[in-house]
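>>> Just to be clear, the model below is a prediction. Sequence and coordinates:
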Amino acid sequence: MKRVLSAAFLFLCIASGLLFAEEGQAVEAASGETAVWKYFAAALAVGISCIAGGIAVGQIGAAAMGAMSENPELSGKALPYAGLAEGICLWGFLVALLILIF
């Protein structure tokens, strides 16, 4: 699973260079194609970050429930970690906004 994710991440990093390779060409020809790639890149940024955030929150939630079953006083200490995991989704959204703006 880690190999597949790292291969996909490497492919996306390499393919993102193709997005900006057209900047030297005429604006009329590149504007339509670049707009399509911008929306695709923004969708990938949000989609992948939300999937990763969901996986992280699921893992943290399972660990927090196990810890609270042994010691109920730990209930408030797990909440910040879930918030940090949800922050992954927020960063993906911000990256998507930056992609669409510029």
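That came in fine, so what should we check first?
>>> Which parts of this protein are helices?
With DSSP state H, the ranges of helices along the chain come out as 2-20, 27-70, 79-101.
>>> Show me what the longest one is packed against.
Put plainly, it is helix 27-70. helix 2-20, helix 79-101 (3 or more Cβ pairs under 8 Å, 6 or more residues apart in numbering; DSSP states H and E). C-betas here are computed from N, CA, C, even on glycine.
>>> picking up where we left off before, now the helices of the chain in TSV, please, with extra columns for mean pLDDT.
Output for these, formatted as TSV (pLDDT from 0 to 100):
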stretch	mean pLDDT
helix 2-20	66
helix 27-70	85
helix 79-101	91
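>>> which residues does the residue nearest to residue 88 when sequence neighbours are not counted contact?
Once flanking residues are discounted, residue 88 sits nearest to residue 53: 4.0 Å by Cβ to Cβ, 6 or more residues apart in numbering. For residue 53, the contact set (Cβ atoms under 8 Å, 6 or more residues apart in numbering) comprises 85-89, 92.
>>> circling back to that earlier point, switch the helices and strands packed on helix 27-70 over to JSON lines; also include mean neighbour count and distance to residue 48.
As requested, these are exported to JSON lines (neighbours: other Cβ atoms under 10 Å; distance: least, Cβ to Cβ, whole Å):
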{"stretch": "helix 2-20", "mean neighbour count": "10", "distance to residue 48": "8"}
{"stretch": "helix 79-101", "mean neighbour count": "15", "distance to residue 48": "7"}
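>>> Specify the stretch among those that is closest to residue 36.
helix 2-20 (10.1 Å; Cβ to Cβ).
>>> hang on, the earlier thing: nearest to residue 49, out of the contacts of residue 53: which one, please.
Distance to residue 49, by Cβ to Cβ, is smallest for residue 92 among those, at 2.3 Å.
>>> related to what we said a few turns ago, can you lay out the helices and strands packed on helix 27-70 as CSV showing distance to residue 66?
Output for these, formatted as CSV (distance: least, Cβ to Cβ, whole Å):
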stretch, distance to residue 66
helix 2-20, 24
helix 79-101, 13
